[in-house]
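Colleague: no sequence for this one, just the structure:
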């Protein structure tokens, strides 16, 4: 206890969330703004808890609603590096089918360069495998992979992504309010 009083802090200040000067020290006059900026400990904790809950809720929604491709891979480069070796004709055709549902113009461009990617017009999977093996350049594989990742990240569950973004912004902002108010209080006390 002597340590706390040697620092010039009275213990009774903790009951309402503030720190009061020890006996004999002068108290600076406070302005209306600095009074407004004072938050008691319960209010600070409420802002922090509300922010943490909103961030947690946003994370839960992301984990439930985000495509698995986006959850597993942080960037398009990581997705490309992990999937290029596993890109079989069947897998690429499935990716083009997904691209076709969300971005038909992109899918038609891919099918124009590699007709074996279209599951509707080229139903034979063995023919697609043989044509995929004959290609020396893997550019079509790279194009399909990058287009698929872009479709998954930008065009799937857009409402959920917007809700998660809003929850994160509100959560981070409300968790930062006590610190921001305290910083402004300190700056006001310095420049008074």
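Modeller: It's in. Predicted model only: the values in this text are computed from it and were never measured. Numbers count the residues shown, from 1 in each chain.

Colleague: who's in contact with the host helix or strand of residue 45?
Modeller: Element membership of residue 45, judged by DSSP states H and E, is helix 41-65. Residues outside helix 41-65 that contact it (CB atoms under 8 Å, 6 or more residues apart in numbering): 14, 16-17, 39, 71, 157, 160-161, 163-165, 167-168, 170-178. For glycine as for every other residue, the C-beta is placed from the backbone atoms N, C-alpha and C.

Colleague: now it: how far from the chain's centre is it?
Modeller: 13 Å (CA atoms, centre = their mean, to the nearest Å).

Colleague: next one: the closest residue in space to residue 157 that isn't next to it in sequence from residue 91, what distance?
Modeller: The spatially closest residue to residue 157, leaving aside those adjacent along the chain, is residue 65, at 4.9 Å (CB to CB, 6 or more residues apart in numbering). When distances are taken as CB to CB, to the nearest Å, residue 65 and residue 91 turn out to be 23 Å apart.

Colleague: quick one: mean pLDDT for whatever helix or strand residue 112 lives in?
Modeller: For residue 112, the element it lies in under DSSP H and E is helix 104-113. Confidence over helix 104-113, taken as the mean pLDDT, stands at 86.

Colleague: pull the residues that contact that helix.
Modeller: 96, 99, 100, 117, 118, 121, 140, 143, 144, 147, 151.

Colleague: buried members of the contacts of helix 41-65 into PyMOL, please.
Modeller: This is how PyMOL selects the buried members of these, with burial counted by 16 or more other CB atoms under 10 Å:
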select buried, resi 39+157+161+163+164+167+168+171+174+175+177+178
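
Colleague: now, the contacts of helix 41-65 that are in helices?
Modeller: Members of the contacts of helix 41-65 lying in helices (criterion: DSSP state H): 71, 160-161, 163-165, 167-168, 170-178.

Colleague: and this structure, what are its domain boundaries?
Modeller: Here the domain parsing of the chain from automatic domain parsing is 1-30, 39-66+158-192, 72-156.

Colleague: so for stretch 47-62, what gets flagged as buried?
Modeller: When burial is assessed from 16+ other CB under 10 Å, stretch 47-62 yields the following buried residues: 47, 48, 51, 54, 55, 58, 61, 62.
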